[in-house]
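In: Need the 3D shape of this:
(2 chains)
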Protein chains: 2
Amino acid sequence: MKQLPLSKVYQLLEPGPVVLLTTARKGRANLMTMSWHMMIEFEPPQVACIVSNADYSFAALRATGDCVIAIPARKLASKVVKVGNSSGRDIDKFAAFGLTKMPAARVASPLIADCFANLECKVTDTRFVNKYNLFILEVLKAWTDPAQPNPKAIHHRGYGTFIVDGKTINLKSRMR
Amino acid sequence: MKQLPLSKVYQLLEPGPVVLLTTARKGRANLMTMSWHMMIEFEPPQVACIVSNADYSFAALRATGDCVIAIPARKLASKVVKVGNSSGRDIDKFAAFGLTKMPAARVASPLIADCFANLECKVTDTRFVNKYNLFILEVLKAWTDPAQPNPKAIHHRGYGTFIVDGKTINLKSRMR
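Out: Next comes the predicted model:
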């Protein structure tokens, strides 16, 4: 894994990919599939996300204030669906679906070695959790996998329908 | 424009497309380009978005509590960039870039006839605006353009680089 400057983190999340969210509580790692997230600040990068209180990850995230956002490429799509269709209450999803944990540098939650990017995050604001299940995160450290130089992310359209990244176009713009 | 059931709105925004946000204040319509948004509830559909207090739209959105989220397809990408690189302080962007306003049913902000989807929204919570420029919206009415049945949305990666929707894949899933 290669470190990514924090100023570039928004370029990974702004396009709206499906991500995996890992947590760790009492020595037990878990992960879930997540599509409801957005950037809220460039640098230090801050992210808002919804983790439903029906999800097993909710209690871990709230208790530890610690998570990793990992971005899977197209080739992991079927595992992403399996992760989304199961609960950490019942199984160890890493073992069940053959995903590889790696220790993170700044947080207790694991990186996912199979993903093309991993963002180590801490929860910085929980005031919107009760009403909206909305967590504010700060990204502390970011990693990309040099072995996946041009990954195609996936975007969820509901009920297992995903749009795969298509071609890239570049237009002259002053927008950051 | 054809009405879209509110239960399907998340399928438009969850993939993370670049959108246009229209406002209207004192009889003057404006629009901006926005990528920092996410779903926060299925139905009635609620959306969180960041509108910077540096943007001209900020004051209008805050004062009126009224906006439209319009989703442009690939063919509008160059206009999307022009909208993002200019300010409603200086010009009438609808006129300047040849975008067509249409009256909305439930809000004062205009629909954009050129876009493949339009979501009429009201601001329902401003408690996070001071700290994060984060607005909570509820979608009151949703429209799609039957003349654009299979639109390709665009996703911003920063500095005028966009990813165009690629192919769609369908995997068996219980995820909504």
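In: residue ranges with poor pLDDT in chain A?
Out: The model of chain A has no residue with pLDDT under 70.
In: Sketch out the strands for it, chain order is fine.
Out: For chain A, strands defined by DSSP state E occupy the ranges A:2-3, A:19-25, A:28-34, A:37-41, A:46-50, A:66-71, A:101-102, A:111-112, A:117-125, A:134-144, A:154-156, A:161-170.
In: The ones you listed: which one's closest to chain B?
Out: strand A:161-170 (2.8 Å; Cβ to the nearest Cβ). (C-beta placed from N, C-alpha, C; glycine too.)
In: what about whichever residue of chain A sits closest to chain B, neighbour count?
Out: Using Cβ to the nearest Cβ, the single residue of chain A nearest to chain B is residue A:16, 1.1 Å away. For residue A:16, the count of nearby residues is 28 (other Cβ atoms under 10 Å in any protein chain shown).
In: Run through the residues that contact the nearest residue to it once chain neighbours are set aside.
Out: Setting aside the residues directly before and after it, residue A:16 is nearest to residue B:16 in space (Cβ to Cβ, 6 or more residues apart in numbering or on different chains), at 1.1 Å. By Cβ atoms under 8 Å, 6 or more residues apart in numbering or on different chains, residue B:16 lies in contact with A:14, A:15, A:16, A:17, A:35, A:155, B:35, B:155.
In: from what I can see the first one touches residue B:35, true?
Out: Yes: in this structure, residue A:14 is within contact of residue B:35 by Cβ atoms under 8 Å, at 5.0 Å.
In: who has more neighbours, these two?
Out: Neighbours were counted for residue A:14 and for residue B:35 using other Cβ under 10 Å; residue B:35 has more, 26 against 20.
In: and the most centrally placed residue in chain A, what does it touch?
Out: Computing the C-alpha centroid of chain A and ranking residues by Cα atoms, centre = their mean puts residue A:69 first, at 2.4 Å. Applying Cβ under 8 Å, 6+ apart to residue A:69 gives the contacts A:13, A:19-21, A:34, A:37, A:47, A:49, A:118-119, A:121, A:137, A:139.
In: filter the residues you listed down to the ones near chain B?
Out: A:37, A:49 (Cβ under 8 Å from any Cβ of the partner chain).
In: my read: residue A:10 touches residue A:37, true?
Out: No: Residue A:10 lies out of contact with residue A:37 (Cβ under 8 Å); the separation is 11.7 Å.
In: So what's the residue count around the residue nearest to residue A:84 when sequence neighbours are not counted?
Out: Leaving aside its sequence neighbours, residue A:84 sits nearest to residue A:33 (Cβ to Cβ, 6+ apart; 3.5 Å). Counted by other Cβ under 10 Å, the residues lying close to residue A:33 total 22.
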